[in-house]
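# Okay, sequence plus prediction incoming.
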Amino acid sequence: MRRLLLPVLFFVISGCGTSEGVSPESSSQEASPQQAPWILPPDLAAVPEKLDGMTIEEYEPVSTLRVPGFGVPTARYPFVDVHGHWFQAPGFSAGQVDTLVAQFDSLNLAVSVNLSGGSGNRLSQAIANTEGRHPSRFVTFANVPFDSVGAPGWTERAVAQLAADFDAGARGLKIYKNLGMDVVDVNGVRVPVDDPRLDPIWALCGERGMPVLIHTADPAMFWQPRNKHNERWLELKLRPRRYRPADQFPSFDEIIGEQHALFARHPETTFIAAHLGWLGSDLDQLGQLLDANPNVYTEIGAVVQELGRQPRFAADWLTDYKDRVLFGKDFYNPVEFHTYFRVLETDHEYFPYYRKYHAFWRLYGLALPEDVIRAIYYENAVRIIPGLDSALFPGA
Ligand SMILES: [Zn+2]
């Protein structure tokens, strides 16, 4: 009965096209084994016919493909999610944190890195509520408020606050994408990612051995014309504020170039370029960046659909760069992790992604070798994030 219902859920839920948090992970490969896959289940067959005027948001074809492979609800090894956002952590109750950790256990999520710790009292409260209750299961990164760059003494104050935040238990720094796109200084001038006034911040992180996870820019197609050839057209239609018109934003290349210049200027600081550095569709270029900058790592949050559409090339690439890639998820929804496990661990074919406006295509498993999976799941994180409990990980 459950299997019959799943395709129905997929249709209904993703039909609205805007469900950020809903994940019909299963569907095509989980049709009833009794029923021929090319016969629509009764609920779907009852949907009125429509030939003219169908929109791409409405169109939800049910795959007729029947191949082996089901969802993967638990990771093969304990893993560190280096890209989590627990904005609500300062207000978490003990019960809420216990519930989360129980979910983590079901996923085999050993450590969740909260990139949204903030600073000062907010940071301390977030750490107390999460790490204070489950010390080995959470890590908290600080954030620097770029509120008045260029004001007299701003850099010194920002560095002193960040040092205090590290003393209070922060184990890294997260930089949001507003740096390089929206942050302006006290004169109203855009602050580039590699602005020299920020150099002492990166230097402090290097001195203290604290990694910097940095999200810069957005998918490059957000800068391109919103025509029928734009691969992110649907996202720009559904989320129009994500468009980056040339009269309001520097180009993608300019902003990403600033990030790469920053990496080169601070070789003593460990950087994690979020979201495959937005180069997931050009892994050769990402490899060149990693080759040129031994201090740079990357993570796969919100871009697993890039890997899952190039399974052979991506598997080879990840094998070559296994020491430089970390597991990240970004938006927290337990069932969406299943798709990550499936892409990395299995050789399944043509299975659905959960957000059509990120990927209208289906995914293929990479079937990564065991040593590559372990490196991405936890070995690299244990090496670069201070104080992870190695007892959580086999052989670490
Ligand atoms: Zn994020």
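Yep, that arrived. Residues are numbered from 1 along each chain as shown.

# Phi first, then psi, for residue 139.
When read as degrees, to the nearest 10, the backbone of residue 139 gives phi -130, psi 150.

# Tell me the bridge partners for it.
The partner list for residue 139 in beta bridges (DSSP bridges) reads residue 113.

# All further residue positions should be reported with the first residue as 3.
With the count now opening at 3, the last piece we talked about shows up as residue 141.

# What is the neighbour count of it?
Residues lying near residue 141 (other C-beta atoms under 10 Å) number 27. Where you see a C-beta, it was placed from the backbone N, CA and C, and this is true even at glycine.

# That one contacts residue 390, correct?
Yes - using C-beta atoms under 8 Å, residue 141 is in contact with residue 390, at 7.2 Å.

# which residues are common contacts for the two?
Shared contacts of residue 141 and residue 390 (C-beta atoms under 8 Å, 6 or more residues apart in numbering): residue 113.

# what's the next secondary structure element after the lowest-mean-pLDDT helix or strand in the chain?
In the chain, no helix or strand scores lower on mean pLDDT, DSSP states H and E than helix 4-17, which sits at a mean of 31. Per DSSP states H and E, the first helix or strand lying C-terminal to helix 4-17 is helix 44-47.

# Which elements pack onto that following helix?
Contacts defined by 3 or more C-beta pairs under 8 Å, 6 or more residues apart in numbering; DSSP states H and E place helix 44-47 against helix 4-17.

# OK, contacts around residue 288?
278-279, 281-282, 300.

# 10 Å instead, please
Contacts for residue 288 (C-beta atoms under 10 Å, 6 or more residues apart in numbering) come out as 275, 278-282, 298, 300, 319, 323, 326-327.

# That one belongs to a helix, doesn't it?
Yes - when DSSP: H, G, I helix; E, B strand; the rest coil is applied, residue 288 is found to be in a helix.

# Roughly how far does it sit from residue 93?
Distance, residue 288 to residue 93, using C-beta to C-beta, to the nearest Å: 37 Å.

# got it, and residue 108?
Relative to residue 93, residue 108 is positioned 24 Å away (criterion: C-beta to C-beta).

# Is the most centrally placed residue in the chain in a helix, a strand, or coil?
Nearest residue to the geometric centre of the chain (C-alpha atoms, centre = their mean): residue 303, 1.7 Å. Under three-state DSSP, the three-state class of residue 303 is coil.

# Please verify my assumption that it contacts residue 86.
Yes - if you go by C-beta atoms under 10 Å, residue 303 and residue 86 touch, sitting 8.9 Å apart.

# Common neighbours of those two, please.
Counting by C-beta under 10 Å, 6+ apart, the shared contacts of residue 303 and residue 86 are 117, 330-333.

# that older thread, just the ones in helices from the contacts of residue 288, please.
The helices, defined by DSSP state H, take in residue 319 from the contacts of residue 288.

# Can you tell me which of the contacts of residue 288 is closest to residue 56?
Nearest to residue 56 out of the contacts of residue 288 is residue 282 (C-beta to C-beta; 30.0 Å).

# What's the first helix or strand after the host helix or strand of residue 203?
Using DSSP H and E, residue 203 maps to helix 201-210. Scanning forward in sequence from helix 201-210 by DSSP H and E, the next helix or strand is strand 214-216.

# Is residue 160 in a helix, a strand, or coil?
Residue 160 ends up helix, using three-state DSSP.

# what's the pLDDT at the closest residue to residue 94 other than its chain neighbours?
Spatially, and ignoring its direct neighbours in sequence, residue 94 is nearest to residue 131 (4.2 Å; C-beta to C-beta, 6 or more residues apart in numbering). pLDDT, the model's per-residue confidence, is 98 for residue 131.

# give the contact list for residue 131.
Contacts of residue 131 (C-beta under 10 Å, 6+ apart): 88, 90-96, 98-99, 140, 142.

# Kindly recompute the last result at 8 Å.
Neighbouring residues of residue 131 by C-beta under 8 Å, 6+ apart: 91-96, 99.

# Quick one: the helices in the stretch 103-252 of the chain, in order.
Counting by DSSP state H, counting those that start in this stretch, the stretch 103-252 of the chain has helices at residues 122-132, 156-169, 201-210, 235-240.

# follow-up on the earlier one: what remains of the shared contacts of residue 303 and residue 86 if I keep only buried residues?
Buried members of those, scored by 16 or more other C-beta atoms under 10 Å, are 117, 330-332.

# for those residues, which one is nearest residue 159?
Minimum distance to residue 159 across these is 22.0 Å, recorded for residue 117 (C-beta to C-beta).

# Can you tell me who the residue lying closest to that closest one once chain neighbours are set aside pairs with across the strands?
Nearest residue to residue 117, sequence neighbours excluded (C-beta to C-beta, 6+ apart): residue 176, at 3.8 Å. Note on residue 176: beta-bridge partners by DSSP bridges are residue 215.
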